[in-house]
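Engineer: Please work out how this folds:
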Amino acid sequence: MKFDRDTRRKLFSHVVSVACLLCVGIAIIPLGSILYESVLKGIVVINWSFFTENQPLPCNPQFQSGCQFGGIFNSIEGTLLLIGISAAIALPLGILGGIYLSEFGRHRFGDSLRFFADVLTGVPSIVVGIVVFSLFFLLAQQGLIPTNYTLSVLSAGVALSFIMIPIVARTCEEALALVPNSTREAALALGVPKWKAVTSIVLSTGRSAVMTGALLAIARATGETAPLIILDAGSQFSFQPSAGLHQPTSSLPFSIYNWVQSAYPNWIADAWGATLVLVVLMLGISVAARLALRNKYGEGGVV
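Structural biologist: As a prediction, this is how the structure comes out:
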């Protein structure tokens with residue numbers, strides 16, 4: 001049986017559409033499984049004390065009376081501290097880097113920076129942890145920093161910032177590239193200096209997309225565990241909140257990693273509760289990023 005050209009095109013289009021839908025369905029299966037397991041096993045330990053108490057001592061409620069499940073207050077505090085340090089370093093550097101690549105980097109040096117930013121985006125996070133550990137260790141050997149900063153919340157925050165910088169820079173560049181050239185030309189025609197046109201007009205026009213990239217970078221860093229393991233930014237035996245930037249601290253990913261390997265039921269239950277909190281946190285950041293992008297571009301592009 002022979003088909004004409006239009007029939008073959010329509011048939012091919014339907015086949016590709018079904019294949020795409022099938023791929024989406026396959027991709028949703030593991031995501032749905034993660035959400036289902038997290039909610040099913042994590043919701044049983046979620047209560048007010050889970051957010052206000054620190055990590056409990058390990059115990060088995062079947063054999064020990066008074067065994068407590070405790071909470072994740074110190075892990076939440078440590079996570080916020082790590083994200084605050086990494087964001088304070090990565091966001092200014094990443095946004096400035098994105099501005100340079102978008103507005104001034106139309107040459108070989110700029111192309112090289114783009115290439116290295118893309119490479120750094122794909123570097124395993126554990127490699128970043130090793131590099132930052134080596135850097136802090138060498139600085140401590142030279143007497144430039146105290147030795148206790150080598151394994152600390154500060155070194156872990158720096159490692160997370162290294163992960164965030166290329167993401168922020170590339171997304172900022174793409175966001176500013178969406179701003180029409182007519183906007184730049186209009187500002188320059190009015191006698192506005194280029195630096196002021198970029199910072200006050202171009203960056204302001206694409207600020208929602210820049211914020212979206214920043215939120216996605218924060219979400220990526222929030223869920224990282226490997227650099228925290230290398231830099232000892234937490235300990236399964238540290239039950240108190242962080243005492244300073246030179247001390248280790250707990251965090252949600254690190255606590256989950258430690259608790260889930262233990263043989264203590266109260267820690268395993270807390271690991272599922274912390275997993276649910278982390279999933280909800282990642283979901284909230286992603287939804288906020290999508291809302292920011294939709295509000296900016298949902299009605300006819302960049303304005």
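Engineer: List of residues touching the host helix or strand of Ala217?
Structural biologist: Using DSSP states H and E, Ala217 maps to helix 207-222. Outside helix 207-222, the residues within contact range by CB atoms under 8 Å, 6 or more residues apart in numbering are 79, 82-83, 86-87, 90-91, 94-95, 98, 160-161, 163-164, 167-168, 170-172, 174-176, 178, 203, 252-253, 278, 281-282, 285-286, 288-290, 292-293, 295-297. (Glycine included, C-beta is placed from N, CA and C.)
Engineer: Selection in ChimeraX covering whichever of the residues you listed are buried, please.
Structural biologist: Applying 16 or more other CB atoms under 10 Å to the contacts of helix 207-222, the buried members can be selected in ChimeraX as follows:
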select :79,82,83,86,87,90,91,94,95,98,160,161,163,164,167,168,170,171,172,174,175,176,203,252,253,278,281,285,288,289,292,293,296,297
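Engineer: where exactly do the helices run in the stretch 201-303 of the chain?
Structural biologist: Per DSSP state H, counting those that start in this stretch, the stretch 201-303 of the chain carries helices over the ranges 203-205, 207-222, 226-231, 252-260, 265-297.
Engineer: Next: the stretch 1-150 of the chain.
Structural biologist: When secondary structure is read from DSSP H, counting those that start in this stretch, the stretch 1-150 of the chain shows helices at 5-42, 48-52, 73-99, 108-122, 125-141.
Engineer: Now do the shortest one: which elements does it pack against?
Structural biologist: Using 3 or more CB pairs under 8 Å, 6 or more residues apart in numbering; DSSP states H and E as the contact test, the elements touching helix 48-52 are helix 73-99.
Engineer: can you give me the offset of the helix it packs on from its chain's centre?
Structural biologist: Distance of helix 73-99 from its chain centroid, counting by CA atoms, centre = their mean, to the nearest Å, is 9 Å.
Engineer: Determine the set of other helices and strands touching that helix.
Structural biologist: Here helix 73-99 touches helix 48-52, helix 153-177, helix 207-222, helix 252-260, going by 3+ CB pairs under 8 Å, 6+ apart.
Engineer: Please identify the deepest-packed of the ones you listed.
Structural biologist: Mean neighbour count, computed with mean count of other CB atoms under 10 Å, is highest for helix 153-177 among these, reaching a mean of 25.
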